[in-house]
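Asks: Need coordinates for the following:
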Amino acid sequence: MATDLVRRSDDDAPRAGAAPSRGALLKEEELRAIEGAHPDGITAVQIVDAFTSRGIKFSEASFRKYVQQGLLPRSRRVGRKGKHRGSLGVYPSKTVRRINAVKQLMVDGYTIEEIQGQFLLYTDLVEGVAEHLAELWSRLGGDAAKLDPALRRELEHQLAEARRDGDRLVERLGELTRRFAAPRTDSLRLAGAAGGAEDLL
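Replies: Residues are numbered from 1 along each chain as shown. Below you'll find the model as predicted:
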C-alpha cells in the first residue's frame, strides 16, 4: 500500500516499457524562453511546472531525486518581498536545461552513475562559459545604448555577430566535452555500474 502511494505521488514514473522520446522533451527555443522569463532564478514548483505544463511528466518527487543525486546546481535563499515573509529557495534558470539534458541521457539508456560521470565532468565549466558570455553581451548591449546612434548601429551589428559566434562556441564545447566524457562512461559501464535511472524519468 505504501509503495502504491509513493508510485502515485511520483507522476513521472514511466509505465513498463515506456520512455519519453526525444520529441517529448523541451526544445531549445522553449529552454531559452524559460531562462529568459526567470533571469534571477526559478523555484522548484516553477521548474516542475515548466515540464508538466508542456505535457512532459516530471514530479516534485523526481525533482528531489535529481537534487539528491547531485545532478542539479545548488539553490540559494532569497528574501520574499514584504515584512515577515521569510526567504525562498531558488535555482539558477539553467536548472530546467540540466533536467532536460539528464532526461535525454536516460532516454538514451545511461545509468545514474554513467550520467554523473558524463554529465557532471564538464557541464559546470561549459555552463560557466555560457553564463559569462551572456553577462558580457548584456553589459556591452547596455553600454551600446549610450553611444552615438551611428556608432551604436555598427557596434550592435558586430555584437550580434559575436553573440552568434558565442552560441556556436558553447554548442561545440558541449559536443566536444561529451566526446571526452564518453570513455569515462564506457569504463563505468564495463565496470558494471548498474544504478537504474528509470525512477528519475
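
Asks: Going by C-alpha atoms from here, please, whenever you check contacts or count neighbours.
Replies: Noted.

Asks: who does the helix or strand hosting Glu127 touch, helix- and strand-wise?
Replies: For Glu127, the enclosing helix or strand under DSSP states H and E is helix 112-144. Secondary structure elements in contact with helix 112-144, counted by 3 or more C-alpha pairs under 8 Å, 6 or more residues apart in numbering; DSSP states H and E, are helix 94-107, helix 149-190.

Asks: what residue ranges in this structure score low on pLDDT?
Replies: Low-confidence regions of the chain, defined by pLDDT under 70, span residues 1-23, 79-87, 118, 182-201.

Asks: change it to 80
Replies: Flagging of the chain using pLDDT under 80 yields the residue ranges 1-24, 77-88, 110, 113-114, 116-121, 123-124, 178-201.

Asks: Which residue is the nearest non-sequential neighbour of Thr52?
Replies: Nearest in space to Thr52, with sequence neighbours left out and distances taken as C-alpha to C-alpha, 6 or more residues apart in numbering, is Phe58 at 6.2 Å.

Asks: Just confirm the one you found is within a helix.
Replies: No. Phe58: not assigned to a helix; according to DSSP: H, G, I helix; E, B strand; the rest coil it is coil.

Asks: Hmm, Arg74 is touching Tyr91, no?
Replies: Yes. When contacts are counted by C-alpha atoms under 8 Å, Arg74 is listed as touching Tyr91 (6.6 Å).
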